[in-house]
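In: here's my sequence, what's the structure:
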Amino acid sequence: MASSARPSRPVYSEGKAENSLTKAYLVAYNVSQMLGWSAILFIVINYVLTKNTVVLVYREVEPILQVCQTAAVLEIIHSMAGLVKSNWIITAFQVYSRVFLLWGVVWSVPATQNGVSVILWLSAWTIAEVIRYAYYFFSLLPGPVPHLLVWCRYTFFIILYPIGVTGELMTVFNALPYVKETRLYSIELPNPWNCSFSYYYYLCFMVISYLPVFPQLYLHMFRQRKKVLGGALDRLRKTQ
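Out: Purely as a prediction, here's the structure:
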């Protein structure tokens, strides 16, 4: 799933928020991710403008994309360790869905890397993450987050989220024939463990799981948008 449905602002556990080392680490993490995703965005734009095509663009960003997205696993640890007050289960689901697509589908089935579907989720992820990590970075600093950044954080998802999910689903669908034919990562009987596993049907299950989860996360972000941007508008009116 596109991971735009995250807590509106990082909230730090009491006591740990004042820990300068913890704050320095979180600043470094968010800045590193922001720069990494910005580099991906630059490479994608430069490639498309110079080559006039999106074919093979994934190969240009694959190494840095794998590093940045896999590093997001740390956000699960942040939640579990209490560095931020966010639901680690929701965070884990969102991070897993992306890491799984990256390694379990795109890396495992190279034929999916050249499809139009890749540029859909790649563009959506990249733009959303640049905004998100910039937002989190400013949230760690004294003073308010720049209003333009807040607006982008709670507006761009309206377009990016559906685009990202559409691209993710298309990519999984593109991988299904290869996975079924080669029985990739599947375990068949007989075997010493006396169990079987079909990676093909697991991918089908992942696709089906989007149906109930996506609407909930999407509507959650609209509620967050109303809460954040609506509240800001009300405060502005009161000052006039």
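In: thinking F137 is in contact with Y29, fair?
Out: No. F137 lies out of contact with Y29 (Cβ atoms under 8 Å); the separation is 9.3 Å. All C-beta spots, glycine's among them, are computed from the backbone N, C-alpha and C.
In: what is the least confident helix or strand in this structure?
Out: helix 199-239 (a mean of 84; mean pLDDT, DSSP states H and E).
In: tell me which other helices or strands that helix touches.
Out: Contacts defined by 3 or more Cβ pairs under 8 Å, 6 or more residues apart in numbering; DSSP states H and E place helix 199-239 against helix 147-153, helix 157-182.
In: rerun at 10 Å
Out: If you count contacts as 3 or more Cβ pairs under 10 Å, 6 or more residues apart in numbering; DSSP states H and E, helix 199-239 packs onto helix 88-99, helix 147-153, helix 157-182.
In: quick one, which of these is nearest to W121?
Out: Using Cβ to Cβ as the measure, helix 157-182 is the one of the helices and strands packed on helix 199-239 that comes nearest W121, at 3.4 Å.
In: remind me which residues of this protein are low pLDDT?
Out: The chain contains residues with pLDDT under 70 at 1-18, 231-240.
In: give me every residue that touches L160.
Out: By Cβ atoms under 10 Å, 6 or more residues apart in numbering, the contact list for L160 reads 2, 4, 120-121, 123-128, 131.
In: ok, of these, which one's closest to A39?
Out: Using Cβ to Cβ, T126 comes nearest to A39 of the contacts of L160, at 9.6 Å.
In: what sits against the closest residue to that closest one other than its chain neighbours?
Out: Once flanking residues are discounted, T126 sits nearest to L41: 4.6 Å by Cβ to Cβ, 6 or more residues apart in numbering. L41 makes contact with 61, 122-123, 125-127, 129-130, according to Cβ under 10 Å, 6+ apart.
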